[in-house]
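Undergrad: Here you go, sequence then predicted model.
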Amino acid sequence: MLSKIKNYLAKLHIPYFPFARYLKAGGSAIGFMLIGISGGHSQIVSQPVTRHITVDEGLAASEVYHVFQDSRGYIWFGTNNGVSRFNGYEFENFDLVSGLPDNTVFEIYEDYKHRIWFIPFSGSLSYYENGEIKSYRYNSKIVEHLPNSRGPSKLSFFVDSLDNVSFGLKDFGIISIDQEGIYKHIDDSNTDAQVVVRSVGSGKFLVSDSHEPRKYGLFYFDGRQSYRFTLSELGIKPFKPIYFYAQQAKDGSAFITIDGNIFRIKDGRVVSHNHSITQSVIWISIDADNNLWVSAFEGGVYMFPNCDLESPERLCFLKDYQVTSVLRDDEGSYWFSTLNDGVFYVPDHQIAVFSKENGLSDNRANAVYAKDGKIYVGFEMGFVDVIENGQITHYKLSSKDNIGITYVRDIYGDTLTGRVLVAAFGHVAYFENNKLKKLIPDSFNLNTRRIIGSRGGGYWLATAKGFYKIENNRIAYDSRSDGFNGMVFSMAEDYKGDLWFNTVNGLWRYSDSNLLFMGSENQLLAKIGHSMFFSHRDSSLWIGTNGAGIVIYGKDGKVSQISAADGLVSNSIHYLFPEGNRIWAATRQGLSILTLVNDTTYNIQNLTVLDGLPSNEVTTVFVMDGMAYIGTNKGLAILNYSNLGFNHTPPKIEVLGVFVDGRPVAPVNGAVQINYSSNVVNFSYIGLAYRNMGNILYRYRLMGLDSTWVFTRSTSCIFSNLKPGSYTFQVQAQNSNGIWSSRSASIDLIIRPPFWERFWFIILAATILAGTVYAVYSLRISEIKRRNELINSINLYKQQSLRQQMNPHFIFNTLNSIQYFILERDTVSSHKYLTKFARLMRLTLDNSLSPTVSLRDELEALRLYLDLEALRLEGKFTYSIDYNDDESILNNKIPTLMIQPFVENAIWHGIMLKKEKSGHVWVKIADEGSRIVCTIRDDGVGRTKAQRIQEQTGKEYSSRGFQITKQRIELLNTLYGEKFSIKFIDLFDDMGNASGTLVSISIPKNLDVV
């Protein structure tokens, strides 16, 4: 591709010195060729777009010896002030403080372990590994031999897979140090050669020279066989070499330079020799396109296409700079380090650029056309330049009476007449015999924007005041005659001869002398169109709009659109140019090239400043014979599009680090592991795409949270409030041509859950819970069993209390007493007591059916019992029941058969043991808030005397009902938690003699007793 550009420029006799400093040649005025049109000549030199990188951008120094790209994609620079590493955004500089043993670094090398080695003039080696610079531990072995040499040879350093470090020392030979520090000097004296070149495989050479004159000029070992070349075989005179290098080409041949001589050696013989470009070669390299780059000591770097030393197509770059190294990076862009002027970066050296700086009349090229070895360029300020035979002729279109400024808007080539026409404000002219002539006598009032040919002959003009038809150098039609005088931006004629044109309100059609507005059919047709044409494929109308991209109006009336969403670099179109199956779209943000696969499928490739254009604002484009002429607001670019330098390289991407709550966290076993309480995670990443130069589009996602890509131009992203779990962060970068990274940079993130969510804790908790549930269940079952046992016991004692209350002796004696009344014919008494007895039996049986009874029923049964007991004992005791006339207290529930046993005990074990066998029983009921207190007091002998009497009489009788009731209360307390209480109080008179017993029973209210 480059050769085609150069050949084309050579036909025009234009030297191609990309970004070389040039001198404008003085031109001689050719006088006025037309009234209002003047011209002149000057020399023109092309140059590509470059970026000059200096210390102002962060480079460590202006004196740069080597530029190198490592396997990760970073660009390294060896300078006289340390080492710089560039990522496309910023520089990271390393010096003595960073660990370099020497700041003057001549060469940079990457070994099989991806360690980046720095070879300084002092020979003290160091390397970059795992983010830090480390000194080579056997530097002392090197330094002790340096006094015998002129320092390390450039491009002569190698580390093999056994960690043997080998390199050449000028005037000394080749040395090697193994991983154990064993030093070895490869003695080249037996070669008897001035320069020694040894292949070590992988396309690498070790080179050295002798400080003494030798018989042979060159010794070359290609890895299999050795060759010696005499001075005569090399075609050179005796010498003491200063600069010597060696590089291997794709075909296995070796390029060896000795001072100003370049030799190509293949199969043991010199197949080509060049010694014409310089006295001393200071750099040699071969890029991935098999181009040989040779730097001259006097300045400039030469490129030999296909490594052909005899090629007439060799090019010279940077003529005024000492280029110390050349790098073709992964994207196909070039980096040139210089001795005193920093680094030059060229996205694509195959794009030739012309601007006002190197000869054009102006920078903003509004129109361009090429024909017969001539390039016609129209400018904003009324200039038209014609480039031919290495000269540029300047034409100036002035406005009427030299007042104001005219603007060139279009240049049209008429293939029928061979004319080249210029449309401008105030001018419609054409070239003839290298002169401009007016197309019509007076065109100053025609502010022409576009000019096209008509199928019926003549030309159509789009102007600021309607449109015109020109025939035979006169105006044949003026749209103002039909009432149309609006501004026309663009126009195209269909195959029927109808004229289609675009205005501020959209698309119009002029057919059979009728004006038809088409913009009402579809809102896309109502957009301003700056350029339009009819397709040769399907007769569809293509319109380049200002904001809506490309609008296509089909023959069937269907309207479609191609926009930035489909891949266009911009929706604002300046110009459309059809060429075969391609559509070239000049836009405000670059150049889009659409390649039509079929009627519905197309591919889009974009060119911008990132690819070598002088500006993203592309104003026009013209294509012919494989060459594209691209007008921009910063000059004219020419390229051979048959092999455009599109950036097809997926950018490399890597995660730089992970920060948790602002602190860096290192991965463990490939994953960053953090606690659940750390809720702010920041991922830092970098994409290495140098054509973008810090303006890279990224997309990232956090798998495990969301699989949707998030787009950003930031080099970091933050996630917060992440739930515990496993995540994978993925990120990709996009290059200048829209290609994403071939693989995602990723890192695993593990957020450890709180201990209560971890598996071991869940198992433990489940075990404990299961054990607890089982224990609770067991306890509950045990409690239920115990409760049932207590209930059964309570019911048993209740039955016993019932049986005790219905004691046969009590019943028998009571019935005897009633019988006595009957026999004595005491009808009233017998009836009275029989009724009471029956009522007592009925109450006792009824009360026994329920666990609780009202205090009223309990006291009624107690009265009946006391009355019958008094009858049986023939009135030996009296009683009283007192509840303070509080009827409400009688409604409270108490356990059945609770009071009677204590009253019985008071009678039989208190009163009846008295000598006089008479006494009184007091029963008192009191409401004490949440409890009912029942006290039973007698004036009997007391508990102590009763016990003594029983012991004296030998009777151990105790009230069975009293014992049963006590046991019932104990069971109730066990069941309900000590809520019942019984207190026994012995009573004494003033003399200290026993005067009775008081029993206090405390019963809780509202208690459901079983």
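TA: Sure, I can see it.

Undergrad: all helices for the stretch 151-300 of the chain, in order.
TA: 231-234 (DSSP state H, counting those that start in this stretch).

Undergrad: in it, which spans are strands?
TA: The residue ranges that make up the strands of the stretch 151-300 of the chain, judged by DSSP state E, counting those that start in this stretch, are 152-159, 165-169, 173-177, 183-186, 193-201, 204-209, 216-221, 226-229, 244-248, 254-258, 261-266, 269-274, 281-286, 292-296.

Undergrad: I'd like these as CSV, with mean neighbour count and distance to residue 580 appended.
TA: Where C-beta positions appear, they are placed from N, C-alpha and C, glycine not excepted. Rendered in CSV, the data for the strands of the stretch 151-300 of the chain read as follows (neighbours: other Cβ atoms under 10 Å; distance: least, Cβ to Cβ, whole Å):
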stretch, mean neighbour count, distance to residue 580
strand 152-159, 24, 45
strand 165-169, 23, 54
strand 173-177, 21, 57
strand 183-186, 14, 60
strand 193-201, 22, 48
strand 204-209, 25, 46
strand 216-221, 23, 50
strand 226-229, 18, 52
strand 244-248, 23, 40
strand 254-258, 24, 40
strand 261-266, 22, 40
strand 269-274, 15, 40
strand 281-286, 22, 35
strand 292-296, 26, 35
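
Undergrad: Format those strands as JSON lines; extra columns: distance to residue 939 and mean pLDDT.
TA: What follows is those, written out as JSON lines (distance: least, Cβ to Cβ, whole Å; pLDDT from 0 to 100):
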{"stretch": "strand 152-159", "distance to residue 939": "121", "mean pLDDT": "94"}
{"stretch": "strand 165-169", "distance to residue 939": "123", "mean pLDDT": "93"}
{"stretch": "strand 173-177", "distance to residue 939": "124", "mean pLDDT": "92"}
{"stretch": "strand 183-186", "distance to residue 939": "127", "mean pLDDT": "89"}
{"stretch": "strand 193-201", "distance to residue 939": "129", "mean pLDDT": "92"}
{"stretch": "strand 204-209", "distance to residue 939": "129", "mean pLDDT": "93"}
{"stretch": "strand 216-221", "distance to residue 939": "139", "mean pLDDT": "92"}
{"stretch": "strand 226-229", "distance to residue 939": "143", "mean pLDDT": "93"}
{"stretch": "strand 244-248", "distance to residue 939": "135", "mean pLDDT": "95"}
{"stretch": "strand 254-258", "distance to residue 939": "140", "mean pLDDT": "95"}
{"stretch": "strand 261-266", "distance to residue 939": "145", "mean pLDDT": "95"}
{"stretch": "strand 269-274", "distance to residue 939": "148", "mean pLDDT": "92"}
{"stretch": "strand 281-286", "distance to residue 939": "133", "mean pLDDT": "96"}
{"stretch": "strand 292-296", "distance to residue 939": "135", "mean pLDDT": "96"}
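
Undergrad: Share the number of residues neighbouring the nearest residue to residue 979 once chain neighbours are set aside, please.
TA: Leaving aside its chain neighbours, residue 979 sits nearest to residue 1004 (4.6 Å; criterion: Cβ to Cβ, 6 or more residues apart in numbering). Using other Cβ atoms under 10 Å, the number of residues around residue 1004 comes to 16.

Undergrad: Mind checking what helix or strand follows the helix or strand where residue 119 lies in sequence?
TA: For residue 119, the element it lies in under DSSP states H and E is strand 116-120. Past strand 116-120, heading to the C-terminal end, the next element that is a helix or strand (DSSP H and E) is strand 126-129.

Undergrad: Rounded mean pLDDT for that following strand, please.
TA: For strand 126-129, mean pLDDT is 97.

Undergrad: Check which helices and strands it sits against.
TA: For strand 126-129, the contact count by 3 or more Cβ pairs under 8 Å, 6 or more residues apart in numbering; DSSP states H and E identifies strand 116-120, strand 132-135 as packing neighbours.
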